[in-house]
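Trainee: Below: sequence and its predicted model.
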Amino acid sequence: MASGEKLQIIQNQINQDFPYIQKMKYVGVKYDLIITSIFISNLTTSCMNPTSFDSGDFCEQKEVQFLRDNKHVTPDGWYHILKLQLLYLFRDYLKAENIGYKSERILSFSYGLIQIQEHYFYFTLTLLKIYENTSLLFERFKLRRKIKKNIAKLKVWGTACEENYQHKYLLVLGEYYRSIKKDNISAKRCFEEGIELAKRYNFNQVIALGYELMWTIDLKYNKYLKEAYYHYMVWGAQTKATHLKTNYHQYFEGAQ
């Protein structure tokens, strides 16, 4: 997920590894793989609710409670981060915010793992959307303070490891300029730089999201939306690509 590898390739690796993990009774790793597999399925195949982890015998509420009761904190944290990502991608920002705060409370158990940066990436993007949609001054003040702290963390990681994190920092910074500073010129520059870095290091999902964010600067430039659609398809996220085309079908007619 974080690597930008095509989703079907990741699923093939899960299918290969799962029998061994199950045989050795690595419960935490088994749940990591199941949760990841459901996440991939939600993005690659048509389903009624792509943000739900109910799948076959896997009851989301029951299984997440099992993880908490048995203190399997790492897969519990991974579940929250993937849930946050799906809710953000499918634009359910209020639920994404709620999950993001829950994820934050157990984030310390994932220190040293790549999901830390994934949390801050999608949670900060979510908070920027919440900020944009609230008019309460005190709420905006609190959100602004938290957003700035998160961006500072992403900047540190981006400076330390450009190939893995700088593109994510730039997309969040672009959203900050667009939604808080109302500076579309700086926002577009950040989005363009982030997309170019994501292309250089083959982060398909970040390329797609970058184009989607750049389209929000000016909806008449539907070529960016079409680029987002194309790169979600390259990543293998047909459900997300279809979501774009269904909800914004009028922008897919013609090109600019």
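Mentor: Nice, thanks for sending it over. Residues are numbered from 1 along each chain as shown.
Trainee: Enumerate every residue touching residue 251.
Mentor: Going by Cβ atoms under 8 Å, 6 or more residues apart in numbering, residue 251 touches 215, 219, 222, 225. For glycine as for every other residue, the C-beta is placed from the backbone atoms N, C-alpha and C.
Trainee: Out of those residues, which comes closest to residue 23?
Mentor: Residue 23 has its nearest neighbour among those in residue 225, at 45.8 Å by Cβ to Cβ.
Trainee: Okay, buried residues for the helix or strand containing the closest one please.
Mentor: According to DSSP states H and E, residue 225 maps onto helix 222-235. Residues of helix 222-235 classed as buried: 222, 224, 225, 226, 227, 228, 229, 231, 232, 235 (neighbour count, 16 or more other Cβ atoms under 10 Å).
Trainee: Report the distance from that helix to the chain centre.
Mentor: Mean-position distance between helix 222-235 and its chain equals 16 Å (Cα atoms, centre = their mean, to the nearest Å).
Trainee: Tell me which helix or strand comes right after it.
Mentor: Scanning forward in sequence from helix 222-235 by DSSP H and E, the next helix or strand is helix 238-247.
Trainee: residues in contact with the helix holding residue 225?
Mentor: Residues external to helix 222-235 that are found in contact with it (Cβ under 8 Å, 6+ apart): 4, 6-7, 204-205, 207-209, 211-212, 214-215, 238, 240-241, 244-245, 248, 251-252, 254-256.
Trainee: Please, a ChimeraX command that selects the buried ones among these?
Mentor: Buried residues within the contacts of helix 222-235, by 16+ other Cβ under 10 Å, are selected in ChimeraX with:
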select :4,6,7,204,205,207,208,209,211,212,214,215,240,241,244,248,251
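Trainee: taking the contacts of helix 222-235 one by one, which sit in helices?
Mentor: Members of the contacts of helix 222-235 lying in helices (criterion: DSSP state H): 7, 204-205, 207-209, 211-212, 214-215, 238, 240-241, 244-245.
Trainee: From the contacts of residue 251, which one has the minimum pLDDT?
Mentor: pLDDT across the contacts of residue 251 is lowest for residue 219, at 86.
Trainee: Let me see the backbone angles for that one.
Mentor: Main-chain torsions, residue 219, degrees, to the nearest 10: phi -60, psi -20.
Trainee: Quick check: longest helix in the chain by residues?
Mentor: Longest helix in the chain, counting by DSSP H: helix 137-160.
Trainee: Quick one: distance of that helix to the chain centre.
Mentor: Counting by Cα atoms, centre = their mean, helix 137-160 comes out at 17 Å from the chain centroid.
Trainee: Following element in sequence after it, please.
Mentor: Tracing the chain C-terminally past helix 137-160 and defining elements by DSSP H and E, one meets helix 167-176 next.
Trainee: residues in contact with that next one?
Mentor: Taking Cβ under 8 Å, 6+ apart as the rule, helix 167-176 contacts 117, 121, 124-125, 128, 147, 150-151, 154-155, 157-158, 186-191, 193-195, 197-198, 201, 203, 206, 209-210, 213-214.
Trainee: Thanks a lot, catch you later.
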